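> Next comes the sequence, and after it the predicted model I'd like to discuss.
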Amino acid sequence: MDPLRALRYFVAVAEERHFGRAAERLGIAQPPLSQRIRRLERDLGAELFDRGRRVELTEAGQVLLAEARDLLARWDRLTSLVGKAHRGEMDALRAGVPPELPGRVLASLLTAFAAECPGVRLDLHELTTTEQVRLLADRELDVALLQHPVDVLGFELGPVVETPLGVVLPRDSALAARAELALADLAGHGLVLFPRAAAPGLYDALLRTCWEQGFRPAAVHHARNPEFVLGMVLAGHGVAFEPGMVARKEPRVVWRPLAEPGLSWRMSFAWPVSSPHPQARRLAEVAGQVLAGDGISTVTTPAGRQLRPWDVVYGVSPETGGG
């Protein structure tokens, strides 16, 4: 008997908790269904159901149900992807990106990916890391640009982009006269930061580093939209951390780099290990090459090699390396 069909029969009985209703759902007679479940139990060497007045899962059945659902979902996705590829229908790659991704970087990424994969439409969604992880696990996204640290169990990662952060503060602040700031210099100030729910790992890591280096914010105000962040800083509610791109839009604030070890954002594209979209890895590679040329970020491939700006110019791939 086809093992996958046997698992589908098992899942139907497990969900219905009734052989008759499961048989009706599957469109087969009840006796053959009961026989096939018995055969599956013999093959596995374990009873899957307690057949009393009500049909209930045994402990072995509960384990099998969780694994069977996952296996069947992966098989269905695999066959769907193979069929689409065979018919030439792989025309969309659903990707998540964080709201903090600068517009010019986003435009460069779209342009570069279109040049590399002209037949694939990049369907972008602006989402927090928490939202992306959930949608990636549910297969509602094919690839996601996640902010680290984050639990990536079950996902494969592309090049890691590390971008140093500086401090945004009002131009009339006494600290604005300095060319560089240490985190301890910010003592007594408030902090404007993205909500913890957006990226819990990064949120906790940033605050922990601030505390360790002598900056314990007087208050933490939450803001996601860059314009809202600037408004809070201008209103005197605190300083903010960012790579320096947002601050350039507002003449009443200044951006100052942080002294080492400072703070940074670490991001990388991630995609499911099992049955990934064929172009997920290519998008991650293109993004790494684009970001390697921004003059700010450091990009490291999974093999540990750092991408350089001229890799983009000469098309050196992460796998082949360069001279």
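Looks like it arrived, so ask away.

> Let me see the ranges of the strands in this structure.
For the chain, applying DSSP state E gives strands covering 49-51, 55-57, 92-97, 121-126, 143-148, 155-170, 191-193, 220-222, 239-242, 253-257, 263-272, 298-300, 306-307.

> could the ones you listed go into TSV alongside mean pLDDT, distance to W75 and mean neighbour count?
For glycine as for every other residue, the C-beta is placed from the backbone atoms N, C-alpha and C. Converted to TSV, the strands of the chain look like this (pLDDT from 0 to 100; distance: least, Cβ to Cβ, whole Å; neighbours: other Cβ atoms under 10 Å):
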stretch	mean pLDDT	distance to W75	mean neighbour count
strand 49-51	88	23	15
strand 55-57	89	22	17
strand 92-97	91	20	21
strand 121-126	90	24	15
strand 143-148	94	21	26
strand 155-170	92	19	21
strand 191-193	96	43	24
strand 220-222	96	42	16
strand 239-242	94	44	24
strand 253-257	95	51	20
strand 263-272	92	14	22
strand 298-300	83	34	20
strand 306-307	58	36	18
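
> Nearest to R208, out of the ones you listed?
Evaluated over those, closeness to R208 peaks at strand 263-272, with 10.7 Å, by Cβ to Cβ.

> Parallel or antiparallel, list what pairs with that closest one.
In the sheet, strand 263-272 lines up against strand 143-148 (antiparallel), strand 155-170 (antiparallel) (DSSP bridges).

> can you put the ones you listed in TSV and add distance to V229?
Listed next are the strands paired with strand 263-272 as TSV, based on distance: least, Cβ to Cβ, whole Å:
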stretch	distance to V229
strand 143-148	16
strand 155-170	7
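
> Nearest to L40 among the ones you listed would be which one?
strand 155-170 (31.4 Å).

> starting at the chain centroid, how far to the closest one?
Its chain's C-alpha centre and that of strand 155-170 lie 14 Å apart, by Cα atoms, centre = their mean, to the nearest Å.

> Next: stretch 271-291.
Centroid separation between stretch 271-291 and its chain, computed with Cα atoms, centre = their mean, is 12 Å.

> do the same with stretch 108-117
Remark: stretch 108-117 is offset 20 Å from the chain centroid, using Cα atoms, centre = their mean.

> List the buried residues of it.
S108, L109, A112, F113, C117 (16 or more other Cβ atoms under 10 Å).

> Quick check: the two most widely separated of these?
Distance extremes for the buried residues of stretch 108-117: the farthest pair is S108 and C117 at 15.1 Å, using Cβ to Cβ.

> and this structure, what are its domains?
Listed domain ranges for the chain are 3-86, 92-161+265-314, 164-262 (source: automatic domain parsing).

> I'd guessed G214 sits against G188; true?
No - using Cβ atoms under 8 Å, G214 is not in contact with G188; the gap is 10.9 Å.

> Compare neighbour counts for those two and give me the winner.
Neighbour count, other Cβ atoms under 10 Å: between G214 and G188, G214 has more, with 12 against 9.

> which non-adjacent residue is nearest the more buried one?
Of all residues not flanking G214 in the chain, A184 sits nearest, at 3.2 Å (Cβ to Cβ, 6 or more residues apart in numbering).

> What count of nearby residues applies to that neighbour?
A184, neighbours per other Cβ under 10 Å, totals 12.

> That one against Q213, yeah?
Yes - if you go by Cβ under 8 Å, A184 and Q213 touch, sitting 6.0 Å apart.

> which of the residues in stretch 214-227 are buried?
Across stretch 214-227, burial judged by 16+ other Cβ under 10 Å covers F215, P217, V220, H221, H222, A223, P226.

> Specify which member of those residues is nearest to P32.
H222 (58.8 Å).

> Distance check, that closest one against V254.
Distance, H222 to V254, using Cβ to Cβ, to the nearest Å: 23 Å.

> same check, this time on A187
As judged by Cβ to Cβ, A187 and V254 stand 19 Å apart.
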